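for reference, the sequence and a predicted model appear below.
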Amino acid sequence: MGEIIRFPFEETLDEYTKTYHNNDEYTRLFYVMDSTMKYIHGKGYYVINFNPKNIVVGVTNNNEDYVNFKSIDVMDDDITNKINNNIYNLAFLEIGILSETLEHLKPEFLKENYSQFKIFIPENLVNYYQMIVVNGGHTYLCDYIEIKNKQEITKLNKALLEEGGSSKGRSYVKSTGHYGNDEDKIVPMKLPGEENKDNIAAFVTNYALAFVVIASSLLIPLIAFLLGQR
């Protein structure tokens with residue numbers, strides 16, 4: 001099955017959050033928001049307003065996600081503090097969106113009661129947001145996700161080697177979320193249920209083969225017996 005094509009659109013983040021989106025969609029969006037903010041910082045600017053009505057999200061004709069922060073300004077001084085504040089504010093915004101508490105959420109309350117918000121946050125991002133809003137860390141979400149992906153690939157490759165990685169052709173998981181046999185050739189991951197279909201097909205094939213073998217072993221003596229009666 002090919003990739004699902006989403007029609008091009010553009011709307012404010014406020015409008016986007018008024019319709020249902022699953023954790024994978026929000027994680028993808030937050031990754032793009034964060035990497036866009038990091039790009040803005042690299043150009044010497046910072047975000048001065050995180051109001052969802054001042055943030056535009058969209059998909060291009062090429063089915064690529066993009067984010068446009070409408071309110072930015074030049075970072076002419078106190079650069080480190082402005083970057084750190086942006087990282088915190090974006091994390092705060094994202095937790096508020098996931099928990100649907102943005103209008104009433106306060107930084108101090110979030111810090112003291114973060115454990116109550118974990119049920120709303122994708123499992124793979126719980127530690128990141130805790131690092132930012134509770135422990136005062138200053139890491140970009142996009143960097144965190146990429147590091148975690150690399151760690152998962154390393155762990156998986158190590159596990160494969162321990163299982164007997166000397167055998168050739170063994171598959172491994174890439175950060176793209178696909179299976180492959182080498183870095184240049186990526187084979188789409190099987191969809192849930194396809195493995196079961198394969199197992200059922202294999203079972204039916206083996207069962208049919210066994211039936212033919214057994215039937216043949218019974219029919220041959222029977223035919224010989226009948227011929228001998230003539």
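Now that the structure is in, tell me what you want to look at. Because the structure is predicted, anything quoted here is derived from the model rather than measured.

can you give me the strands for this protein?
Remark: strands assigned in the chain by DSSP state E are 9-12, 45-47, 55-59, 65-69, 72-74, 172-173, 179-180, 186-187.

which of the ones you listed sits closest to His138?
For the strands of the chain, proximity to His138 was assessed by C-beta to C-beta; strand 45-47 is nearest, at 13.3 Å. The way it works is simple: take the backbone N, C-alpha and C, and place the C-beta from them, glycine included.

contacts for the closest one, please.
Strand 45-47 is contacted by residues 37, 40, 69, 71-75, 82-83, 86, 89-90 when judged by C-beta atoms under 8 Å, 6 or more residues apart in numbering.

separation between Tyr26 and Phe120?
Per C-beta to C-beta, to the nearest Å, Tyr26 is found 10 Å from Phe120.

neighbour count winner among those two?
Remark: of Tyr26 and Phe120, Tyr26 carries more neighbours, 18 against 15, as counted by other C-beta atoms under 10 Å.

in this structure the more buried one contacts Gly96, no?
No: counting by C-beta atoms under 8 Å, Tyr26 stays clear of Gly96, with 12.0 Å between them.

between Tyr26 and Phe120, what contacts are shared?
With C-beta under 8 Å, 6+ apart as the test, Tyr26 and Phe120 both reach Leu98.

buried stuff in stretch 66-82?
By neighbour count on 16 or more other C-beta atoms under 10 Å, the buried set for stretch 66-82 is Val67, Phe69, Ile72, Met75, Lys82.

returning to that earlier point: which pair of the contacts of strand 45-47 spans the longest distance?
Using C-beta to C-beta, those span at most 18.9 Å, a distance reached by Val74 and Leu90.

where does pLDDT dip in the protein?
Applying pLDDT under 70 to the chain picks out residues 1-7, 164-230.

try 90
For the chain, the stretches with pLDDT under 90 are 1-9, 60-63, 148-230.

hey, where'd the helices end up in it?
Assigned by DSSP state H, the chain shows helices spanning 13-16, 23-42, 79-99, 107-112, 126-133, 141-164, 194-228.

got the buried residues for the shortest one?
Buried positions in helix 13-16, judged by neighbour count with 16+ other C-beta under 10 Å: Leu13, Asp14, Tyr16.

my guess is the second one contacts Lys53, does it?
Read it as Asp14. Yes: here Asp14 lies in contact with Lys53, judged by C-beta under 8 Å, at a distance of 4.6 Å.
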